[in-house]
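Student: Got a predicted structure plus its sequence, pasted below:
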Amino acid sequence: QVQLVESGGGLVQAGGSLRLSCVDSGRAYSNYAMGWIRQAPGKEREFVAAIGWSGGGILYADSVKGRFTISRDNAKNTVYLQMNSLKPEDTAVYYCAADQHPEIILTMIPYLEVWGQGTLVTVSS
């Protein structure tokens, strides 16, 4: 049963913006940290951003700091990733994930509790 459902991916030119959304369809993870992980073609999954259950404890990968913003609306069971100034190297499948703490999402990607199915972001040069 799919619990996390991502949307908002697509094709965008370099310098453009996209906003990804992840809905907790089962309303099971409002007390969990949420995060975004991406996987580019031929590469391993890498951490992008994470946020604590109350909206604090925000973490970003160095490669996206200043360009991406993670946020959440617990009333809507949704976490967002606003992506600005996109670069071709941001091209990847973006996955939403949930676990107990943002630091766990940062450091324990292969062992995260819950994953979405992913949404593809393609940035053309």
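Tutor: Yes, it's here. Residues are numbered from 1 along each chain as shown.
Student: Figure out how far the lowest-mean-pLDDT helix or strand in the chain is from the centre of its chain.
Tutor: In the chain, the helix or strand scored least confidently by mean pLDDT, DSSP states H and E is strand 114-115, which has a mean of 90. Offset of strand 114-115 from its chain centre (CA atoms, centre = their mean, to the nearest Å): 11 Å.
Student: Could I get the average pLDDT for whichever helix or strand comes after that strand?
Tutor: Going down the chain from strand 114-115, the next helix or strand is strand 119-124, by DSSP states H and E. Mean pLDDT, strand 119-124: 98.
Student: could you give the angle of whichever helix or strand residue 97 is part of to strand 119-124?
Tutor: Following DSSP H and E, the helix or strand that holds residue 97 is strand 92-99. Using axes from the mean of the first three to the mean of the last three CA atoms, to 10 degrees, the direction of strand 92-99 lies 140 degrees away from that of strand 119-124.
Student: contact partners of strand 92-99?
Tutor: 3-4, 6, 9, 20, 22, 24, 29, 32-41, 43, 45, 48, 79, 81, 105, 108-109, 112-121 (CB atoms under 8 Å, 6 or more residues apart in numbering). Where C-beta positions appear, they are placed from N, C-alpha and C, glycine not excepted.
Student: Partner strands of that strand and their direction?
Tutor: strand 33-39 (antiparallel), strand 114-115 (antiparallel), strand 119-124 (antiparallel) (DSSP bridges).
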